[in-house]
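Novice: kindly return the folded structure for what I paste below:
(one chain, ligands or ions: 1)
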Amino acid sequence: MSKPGTITVYTEERGAALGDLFGIFFEDINHAADGGLYAEMVRNRSFEFDPIDRQEYNGLTAWEKVELEGGNCSILVEQANPIHPRNLNYVAIEIIAPGEGVGIMNQGFNSGLPYREGETYSFSMYARRSASFDEPVAVRLEGIDGTIYGEAKVLVASAEWEKYEVVLASSATDFSGRLTVVTKGTGTLYLDMISLFPTKTFRNRPGGLREDIAAMLADLKPKFMRFPGGCLIHDGSLNADDRNSMYRWKNTIGPVEQRPPRKNNWQYHQTLGLGYFEYFQFCEDIGAKPIPILPAGSDPHSQRFVPIDELGPWIDDALDLIEFAKGDATTEWGRVRTQLGHPQPFNLEYIGIGNEEIGEQFFERYTYFHQAIKTKYPDIQIINSSGPFAAGGEYERGWRSARDNGSDFVDEHYYQSPDWFLAHYHRYDSFSADDPKVFLGEYASWGNTYYNALVEAAFMTGLEKNAHAVGLACYAPLLCNVDYVNWKPDLIWFNNHQVFGTANYYVQQMFMHHQGDHLLRIVTDGFAAPAQPAGNKERIAGKLLVGANLNEVVYRDIRLINHETGEVKTLTDKVEIGETEEDRRHRSEFGRKAVVGETGLKNYSLSMKAIRKNGSRGFIMFFGFQDEANYVMWEAGSHSNQESMVHAGSKGYRGCLTQSLFSPETGVEYDLEVRVDGRRIRTYIDGALINDTEHIAPVIEPLYCSASIEESTGDVIVKAVNVQDVDVEAQLLLADLHVDNQLIDVYALSDHAVDEMNSFEEPEKIVPKHESMLTTSNQVSYTFPKHSVTVFRFRKNN
Ligand code: AHR
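Specialist: Next comes the predicted model:
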C-alpha cells in the first residue's frame, strides 16, 4: 500500500447550506401503489379493470366464480345501478342453485393474498340484494385449496347499496391465500368495492399503507418526497374525465368508492386509493416535504397540448392544490382538506410543473403556470423541467426557460452507466449559485449491484459538494413489485409479503441519515494516483456501422474523412438495410446493423446520404464500436421519431450523452455526418449542427469525499467513497475541532464483491456496519477498504 494521503476538514469554514438535498421519488410504476405501498389486498376490488388499462384486462380480472358442491350461479359485471357514477361497474351474482354456496373469489396480487397467523384483516364491501335473497353472506380468508383460515357472516339486508364491514383473524400463515365471498341464498346478490386490508397498516390508518414498505421509506429519513410520477403525470388525454387522462389530482381525493378508475401509463389499472390526501399525509408522517408534480396540459409523447386559451382549469388545478395543502378552513380547498380530517395545513414549499418535458409547447405553457403561482403564492418554489436527458438542445431549452421565468429549480433526469457517473463527477462544479437550482429528480446507474451503489455514492459526494447549485436530488424509481416490473433498476423490491432494500438503498440511506446542514471545506492531498480504467481516453476508435431500427433505410456514398490529412475514402457506395417488428423480437434494441469500416483516427468524419423508405424511426450510425457492450451510436430519429440522440454503451450499460429534436421524413434524402475530434462528437444533418457533446472518459479519484456539519448536534460528518480495488490509507485531520478521547461513529459499506446484490433470500447481505472508535486527537488514521463507502460522525468535546 502506498503512503497515506491527508484529508483535512476545516470545521469552522462553512459552505453552502445543504437544505433538503436528499429525498425520494415515489412514482406509481412497477405497481408501486396498488399491489405495493397501498395496502389493499384485493386486486380489482371494484370490477373496473378494462382493456383500456391493459389489453388482457376485463371487469373480472383477478376474480373467479365459486360454485361449491351443488352450486350453480352466473357472474355478470353490470353498470345499470352503480354505487356512484364514477364507479360504474359492480358484479351481479345470479344464483341458479345455491348448493353448498356460490359466489366469487379474489386472487390478490402476486401469488395471492398474504395471511399471517393471528393477524387481523379489515374486510369491507358494498352490497345490495334482490327481493328474494335472504341468506347471510360468508366472507372467508382461504388457502388456494379451500382451507378456511377465517370466516365472518354478513347479513345483506337492503335492496339499496350499503357498506358492510367486518374484521377477520387468520388461523394460518399463507402468502398465496384467496378471499371468497359466498352465499347459500337465492335470487341475486350485487357486490362492489370488495376490500381487504391488514388491520395493521403504517400508523394503523384504516385503508392505509403497507407497513413494511412504508417503514422502509420512513427509515430512509428523506427530506422530501416527489410524487406521483414520472411519465404518468403527463401521458394521457386532456379530458380529466377520461380513464386515460393525464394525472389530475382532484380525481384522487374523497371517498375511495367515488374516485374514478384510471389507466396507468405503465399499462395497468390504478385505483387512486393512494391519492393526494394520502400522499400529503404520508409525507407528513415521515417528515418529508411533499413535492407534487402536476401536468401542464402538454404530452410530448403523443403530442397532445391543451390550447393556450383553455389553460385556465389546468392552472386552477395548481393553485387549488396549493390551497388544498395550505389554505385554512375558510378557503374552498382548505375546507375540503379540513373535511377530510386534516385541519392543519400540509407543509407545502415546492411544486413541479411538468415531468421531463421537451418541446416548445410545454415551455410556452409553463410561463402561464409560473406567473399565476408566483402571483398568488410567491413563497412556493417552482420546479421547471429540462427533459429526460443529461445534455443537449431540449436540456438547454429547459434551462433557458427556467432562467427566463425565474424558476426556483430545474428538474434534471438521467439514467446512465456507472462509467458515466464517474466521468461526470464534476458535472456541477461549474454551475452558478445565481442560476435556478438543480433538482436532480430522477437518476440511477443501470443496476442494483454493489458497484452501482458505490458509484452512486461517489457521485452523491459531488452533489453535496455542489450544494450551491444542487438543491434536491432523488434516486429513481423507488419501488418495484417483483411480479410487475416496468423498469429496473429500482431502489426497493417487494412481493406480497417481503421487501428488501438494494445496495443502492443503503447508500441513499447513509446520505440521508448523515446529510448535515452546511458544507464544510474539505481538502485531500498526497494520495497516490489511482489505476485508471483501461481504454483510450484520447480518441474514439473502432468499427463503423450503419443500421435500421423498425424501418428500411438506404445509405449511399458512405465516406470516412481524415481531418488530419484531408484524405477522403469511400467505404461503400450503398447499403440497404431493414428491420421489421418480427426481426426486432430477436435482435438487440438498436436494430439491424452492418459494418462499413473501421478507424483508429483521432479526428475524422463518417458521412453519408440516407433515405428512409418506410417505418417510423430514423438513421443509425455506430462509431468507436468495440462490441455490443462498448460503442458510441448516433440515432437521428429515435423514440417517437422526434429526436437526434448520441448514446454511449459502456460495459453493457447504455446512456444518452446528448439529445436534440429532429424528425426525419420518409422518402427524403438527408446528408448525415458525424464528426469525431478526440472525445468530442458533433453531428450534422444537411450541414446543420444537431448534436455537440464530449464523451468524457472516466477518471478515478483517490477518494470521493465531502464534509458537513449538523447544526442541531454540532456533529461533523465526513464521507469518503473508495471505488478503487485497493485499500486507501488516510490521515483524517479535523482542523479547529477538539475531539480528544471522544467516541466517534463510523458507518461503512465494505467487504463486498462488486457484483453482489441484496435479494429476497439475502435481504441484508449488503448493509452498512456501525462501529465506534475512540479518538485521541483531532487526527484519525484510517484505512478505507477497497470498494467502500464510509461516513464518520465526530462530536465536539463539551
Ligand atoms: O422512472 C421511470 C421513468 O423515467 C419516469 O416515468 C420518467 O419520468 C422517466 O423517463
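
Novice: so, low pLDDT: which residues of the stretch 201-350 of the chain?
Specialist: For the stretch 201-350 of the chain, no stretch has pLDDT under 70.

Novice: where do the strands sit along it?
Specialist: Applying DSSP state E, counting those that start in this stretch to the stretch 201-350 of the chain gives strands spanning 224-227, 262-264, 268-270, 289-294, 298-299, 304-305, 350-353.

Novice: among those strands, which is nearest the ligand?
Specialist: strand 289-294 (9.1 Å; CB to the nearest ligand atom). Bear in mind the C-beta positions are built from the backbone N, C-alpha and C, glycine included.

Novice: and that closest one, which strands flank it?
Specialist: strand 224-227 (parallel), strand 350-353 (parallel) (DSSP bridges).

Novice: check which residues of the last one are buried.
Specialist: Across strand 350-353, burial judged by 16 or more other CB atoms under 10 Å covers 350, 351, 352, 353.

Novice: swap in stretch 633-646?
Specialist: Buried residues in stretch 633-646, counting neighbours by 16+ other CB under 10 Å, are found at 633-639, 641-646.

Novice: what about residue 667, how many residues nearby?
Specialist: Using other CB atoms under 10 Å, residue 667 has 9 neighbouring residues.

Novice: re earlier: reformat the strands paired with strand 289-294 as JSON lines; add distance to residue 780.
Specialist: Shown next, in JSON lines, are the strands paired with strand 289-294 (distance: least, CB to CB, whole Å):
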{"stretch": "strand 224-227", "distance to residue 780": "33"}
{"stretch": "strand 350-353", "distance to residue 780": "38"}
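
Novice: for residue 42, which of those is the nearest?
Specialist: Of all the strands paired with strand 289-294, it is strand 224-227 that lies closest to residue 42, at 23.4 Å by CB to CB.

Novice: which residue does the protein bring closest to the ligand?
Specialist: residue 230 (3.2 Å).

Novice: can you tell me the closest non-neighbouring residue to that residue?
Specialist: What sits nearest to residue 230 in space, not counting adjacent residues and going by CB to CB, 6 or more residues apart in numbering, is residue 27, at 3.7 Å.

Novice: what secondary structure does the one you found sit in?
Specialist: coil (DSSP: H, G, I helix; E, B strand; the rest coil).

Novice: quick one, what contacts it?
Specialist: 227, 228, 229, 230, 232, 476, 477, 478, 479 (CB atoms under 8 Å, 6 or more residues apart in numbering).

Novice: near the ligand, which residues of this protein show up?
Specialist: 27, 29, 229-231, 355-356, 388, 413, 442, 476-477, 487 (CB under 6 Å from any ligand atom).

Novice: quick one, which of these are buried?
Specialist: For the residues of the chain next to the ligand, buried by 16+ other CB under 10 Å: 27, 29, 229, 230, 231, 355, 356, 388, 413, 442, 476, 477.

Novice: I'd say the third one and residue 246 touch.
Specialist: No - at 10.1 Å, residue 229 does not count as touching residue 246 under the criterion of CB atoms under 8 Å.

Novice: apart from its chain neighbours, what residue comes closest to residue 538?
Specialist: residue 678 (6.1 Å).

Novice: any idea which helix or strand comes after the lowest-mean-pLDDT helix or strand in the chain?
Specialist: Here the helix or strand of the chain ranked lowest by mean pLDDT, DSSP states H and E is helix 581-586, holding a mean of 72. Using DSSP states H and E, the helix or strand that follows helix 581-586 in sequence is strand 592-599.

Novice: distance between that following strand and the chain's centre?
Specialist: 36 Å (CA atoms, centre = their mean, to the nearest Å).

Novice: any idea which of the buried residues of strand 350-353 is closest to residue 778?
Specialist: residue 350 (38.6 Å).

Novice: quick check, that closest one in contact with residue 383.
Specialist: Yes - with contacts counted by CB under 8 Å, residue 350 reaches residue 383, the gap being 6.3 Å.

Novice: picking that back up, in a markdown table: the contacts of residue 27, plus distance to residue 362.
Specialist: Below are the contacts of residue 27 laid out as a markdown table (distance: CB to CB, whole Å):
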| residue | distance to residue 362 |
| --- | --- |
| 227 | 20 |
| 228 | 19 |
| 229 | 15 |
| 230 | 16 |
| 232 | 16 |
| 476 | 20 |
| 477 | 22 |
| 478 | 25 |
| 479 | 27 |
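
Novice: coming back round to it: now, the residues of the chain next to the ligand that are in helices?
Specialist: Residues of the residues of the chain next to the ligand located in helices (DSSP state H): none.

Novice: closest to residue 183 out of these?
Specialist: Comparing the residues of the chain next to the ligand against residue 183 with CB to CB places residue 29 closest, at 38.6 Å.

Novice: circling back to that earlier point, least confident pick among the buried residues of stretch 633-646?
Specialist: Ranked by pLDDT, the buried residues of stretch 633-646 bottom out at residue 639, which has 76.
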